[in-house]
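**Q** Sequence first, predicted model second:
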Number of protein chains: 2
Amino acid sequence: MAVTIKDVAKVAKVAPSTVSRVIADSPRISEKTKKRVREVMVELGYHPNLIARSLANQSTQTIGIVFPNSGDLAFQNPFFSEVLRGISEELHEKHYVLQMTTGKTDEEIFDDVVKMVQGKRVDGIILLYSKVDDPVTDFLLEKNFPFVVIGKPNEKAEQITHVDNDNITAALDGTNHLLHFGHERIGFIGGNKNLMVTLHRLEGYKKALEEANIPIREDYIIHEEFLLEGGQEAVKELMTLQKPPTALLVVDDLMSLGVLRTIHGMGLEVPKDISIVSFNNALFAQLATPPLTSIDIHILDLGVEAVKHLIARIENPKEPIKRIIIPHDLLVRSSSDFCIEKTNH
Amino acid sequence: MAVTIKDVAKVAKVAPSTVSRVIADSPRISEKTKKRVREVMVELGYHPNLIARSLANQSTQTIGIVFPNSGDLAFQNPFFSEVLRGISEELHEKHYVLQMTTGKTDEEIFDDVVKMVQGKRVDGIILLYSKVDDPVTDFLLEKNFPFVVIGKPNEKAEQITHVDNDNITAALDGTNHLLHFGHERIGFIGGNKNLMVTLHRLEGYKKALEEANIPIREDYIIHEEFLLEGGQEAVKELMTLQKPPTALLVVDDLMSLGVLRTIHGMGLEVPKDISIVSFNNALFAQLATPPLTSIDIHILDLGVEAVKHLIARIENPKEPIKRIIIPHDLLVRSSSDFCIEKTNH
DNA sequence: TTGTAGGCGTTATCAG
DNA sequence: CTGATAACGCCTACAA
């Protein structure tokens, strides 16, 4: 059995409560006894049992991270490593600890959350996704349990603190970048249509075209989860239209890699034949051939801010609901350039 | 205050201990009372407090994952998402929960581990790295705390259960693949020289050349952490040697992307001018241009097995030390082909 | 400034 | 088959 507060108390010839107070560095203990007790603590190699402390305190200093129903592949997106890194950094700063859900299906994930919350294992929760009709969100809301979501909740967004990008403007900026290069036939390649990000970016894309008085062509818009087999066909179709786009807005770097490959396989060149603007600025965006022009949405900061506001909420339950927007910026690299057709005129 | 076992007991008119036994589904309780107690549990919305249970049980059903001193960039390597996915899956299967370290420096990480262990927050630990003179390893060994490492421990490997690939053979296979294509001038691009993986793969590379009676040229061997700025120069130097390699063995897909780009930037083509064999088979290996021939080391399984053996050890402290080797296989895609010089002869 | 005692929510040991 | 009762290790009134 490990050394407890009582053992320390005995050896230091004080009461257990005194030891407890020394641990908490209570001002009501004389420096002299503090010193002695501390000496005994190192002498015996005492370390507080955090589980016991949690029980007494009703607080675990632990927060739970909920991953989306991963569909296996989604998890491979560097987005998650990156938010996790931000979350992790800030949690460390705040002396909190991190626990993750491990469920794969929606039901399993829901059970995980219920267990975390009802089992009193975490003080707060961060949702790494937002989807329609999410029972997890409803549950947390109903329990009035501290949580924040990364992304924009589809419902009751005004009751939920969330950290997001302005994806509409981001897509608008990306599209404008292409417009400035003289492109007029711009395609959009999006991900899962149920995700808010996709919808917002599509909206920004359309808005930019509208503002430029360019009609929106539905056959220029494609939705693919990942560009492995199926997605490539879609891109090929797009590129073999009578008037194929001269530029593409692709909502994710991973997808851009696939697009790059498909385009290359068709004997076309980027950016000579077609320009690409991508999203997320993953590490490999700059390693791609050619390096991708990509919109950096500061994924790390999404994580950092989520933690900050969650903890604020935990430590002060009256903390108001907030909507935090993380800025984005366009990193111009080699995958986007002037529209050749245009410059030839 | 949440509903406890006592509340249930009161309403069901039984003793708290009886409720506890119902939860554990003890055979010594009549079906009749079980039924009644269970009804009351749902009626009151009872959920066990897992913290309290942990304290009473001296077991948390939680395992801690220790990440390497990430140097920020390393964490972006999909290797970690992938092991984590394997770990997560298997933990879920076994009804365990996952906690992560959040420290960045070696000292912080060490403190995290000490806190997890001494604070009794976890029942076991998985180390996602192995390095020389690791105080974490020493600490766990000394405490005789259940842990397993992914990769091969540099010291006391025979006292530590670990899950690894046969990286020597893997590199040998990759090199042989290139040799079969007629390549004789094969370069090696490795990562951090302090990591066991790098060393083992280098060893396998050399072994293959030796077996083929091809002299090892030190100027064909490069070590770069990541191929952002610096690494590219190194590759350029390599490719501008008087007799540049016609093929490369690159120890990581992420690095391969960088290599691909550098080579392309020099006006060379893969695989026509130079073949590449890569490692890890990350999702983007198949999305690259051209799709990368890569050695799949089954990262997911590394995670799964680590968990299996860790839990075996936790549940049976006399479980013997083991060394588990996960098989690898070479996935031939388009980045490797016959050596042109050779076929021209 | 320090000690005593009760509680946090469970489980486990003994009786009965 | 079920009920008291004592841990598990720490915190915190309340007393002294």
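**A** Here it is on my side, so go on.

**Q** now the residue nearest the centre of chain A: how far from chain B?
**A** Geometric centre of chain A, nearest residue: A:V83, 4.3 Å, by CA atoms, centre = their mean. Per CB to the nearest CB, to the nearest Å, A:V83 is found 12 Å from chain B. To be clear about C-beta, it is placed using only N, CA and C from the backbone, and glycine gets the same treatment.

**Q** need the contact list for that residue.
**A** For A:V83, the residues meeting the contact criterion (CB atoms under 8 Å, 6 or more residues apart in numbering or on different chains) are A:128, A:150, A:299-300, A:302-303, A:306.

**Q** hmm, try it at 10 Å
**A** The contact partners of A:V83, taken as CB atoms under 10 Å, 6 or more residues apart in numbering or on different chains, are A:65, A:126, A:128, A:150, A:163, A:299-304, A:306.

**Q** again with A:E90
**A** A:E90 neighbours (CB under 10 Å, 6+ apart): A:96, A:300-301, A:303-308, A:310-311, B:102.

**Q** Nearest to A:T240, out of those residues: which one, please.
**A** Set against A:T240, the nearest of the contacts of A:E90 by CB to CB is A:L300 (39.1 Å).

**Q** hang on, A:S278 is in a helix, isn't it?
**A** No - counting by DSSP: H, G, I helix; E, B strand; the rest coil, A:S278 is not part of a helix but strand.

**Q** So what's the residue count around it?
**A** 30 (other CB atoms under 10 Å in any protein chain shown).

**Q** Kindly report the same for A:E31.
**A** 7.

**Q** One more: the one 4 residues further on?
**A** By other CB under 10 Å, the residues close to A:K35 number 11.

**Q** Am I right that it is in contact with A:V42?
**A** No - using CB atoms under 10 Å, A:K35 makes no contact with A:V42, being 11.3 Å away.

**Q** Strands of chain A, residue ranges please.
**A** A:62-66, A:97-100, A:124-127, A:147-150, A:162-165, A:186-190, A:221-223, A:247-250, A:275-279, A:293-296, A:323-326, A:329-331 (DSSP state E).

**Q** Give the phi and psi angles for the residue in the stretch 151-300 of chain A positioned nearest to DNA strand D, as a check.
**A** Closest approach between the stretch 151-300 of chain A and DNA strand D, counting by CB to the nearest atom of the strand: A:T161, at 26.7 Å. With angles defined as degrees, to the nearest 10, A:T161 sits at phi -70, psi 130.

**Q** tell me the contacts of it?
**A** A:146-149, A:153, A:305-306, A:309-310, A:312-313, A:319-324 are the contacts of A:T161 under CB under 10 Å, 6+ apart.

**Q** Buried members of the residues you listed into ChimeraX, please.
**A** Restricted to buried positions by 16 or more other CB atoms under 10 Å in any protein chain shown, the ChimeraX selection for the contacts of A:T161 reads:
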select /A:146,147,148,149,153,305,306,309,310,312,313,324
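
**Q** Can you flag which of the contacts of A:T161 belong to helices?
**A** If you go by DSSP state H, those have A:305-306, A:309-310, A:312-313 in helices.

**Q** Among these, find me the one that's closest to A:R28.
**A** Of the ones in helices among the contacts of A:T161, the one sitting nearest to A:R28 (CB to CB) turns out to be A:A312, at 28.9 Å.

**Q** Any idea how far apart the tips of stretch A:239-252 sit?
**A** 19 Å (CA to CA, to the nearest Å).

**Q** try stretch A:51-68
**A** Terminal-residue distance, stretch A:51-68 (CA to CA): 29 Å.

**Q** My guess is A:G191 contacts A:S256. True?
**A** No - here A:G191 lies out of contact with A:S256, judged by CB under 10 Å, at a distance of 11.6 Å.

**Q** who's more crowded, those two?
**A** A:S256 (30 against 23).

**Q** isn't the more buried one right next to A:S275, touching?
**A** No - A:S256 lies out of contact with A:S275 (CB under 10 Å); the separation is 11.5 Å.

**Q** which one among the contacts of A:E90 gets closest to DNA strand D?
**A** Distances from DNA strand D to those, taken by CB to the nearest atom of the strand, are shortest for A:Y96, at 16.1 Å.

**Q** Around chain B, which positions in the stretch 151-300 of chain A sit nearby?
**A** A:226-229, A:231-232, A:253-265, A:270, A:282-284, A:286-291, A:300 (CB under 10 Å from any CB of the partner chain).

**Q** Mind doing that once more with 6 Å?
**A** Residues of the stretch 151-300 of chain A that fall close to chain B, judged by CB under 6 Å from any CB of the partner chain: A:257-258, A:260-261, A:264, A:283-284, A:287, A:289.

**Q** can I get those in JSON lines with distance to DNA strand C?
**A** JSON lines is the format used below for these (distance: CB to the nearest atom of the strand, whole Å):
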{"residue": "A:L257", "distance to DNA strand C": "49"}
{"residue": "A:G258", "distance to DNA strand C": "49"}
{"residue": "A:L260", "distance to DNA strand C": "55"}
{"residue": "A:R261", "distance to DNA strand C": "54"}
{"residue": "A:H264", "distance to DNA strand C": "59"}
{"residue": "A:L283", "distance to DNA strand C": "45"}
{"residue": "A:F284", "distance to DNA strand C": "47"}
{"residue": "A:L287", "distance to DNA strand C": "51"}
{"residue": "A:T289", "distance to DNA strand C": "57"}
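
**Q** Identify the farthest-apart pair in the residues you listed.
**A** Top of the distance list for these (CB to CB): A:H264 and A:L283, 20.8 Å.

**Q** who has more neighbours, those two?
**A** Higher neighbour count among A:H264 and A:L283: A:L283, with 20 against 15, using other CB under 10 Å.

**Q** for the contacts of A:V83, which one is nearest chain B?
**A** Each of the contacts of A:V83 was checked against chain B using CB to the nearest CB; the closest is A:I65, at 8.9 Å.

**Q** surely the closest one meets A:Q99?
**A** No - the criterion here is CB atoms under 6 Å, and A:I65 misses it with A:Q99 at 7.1 Å.
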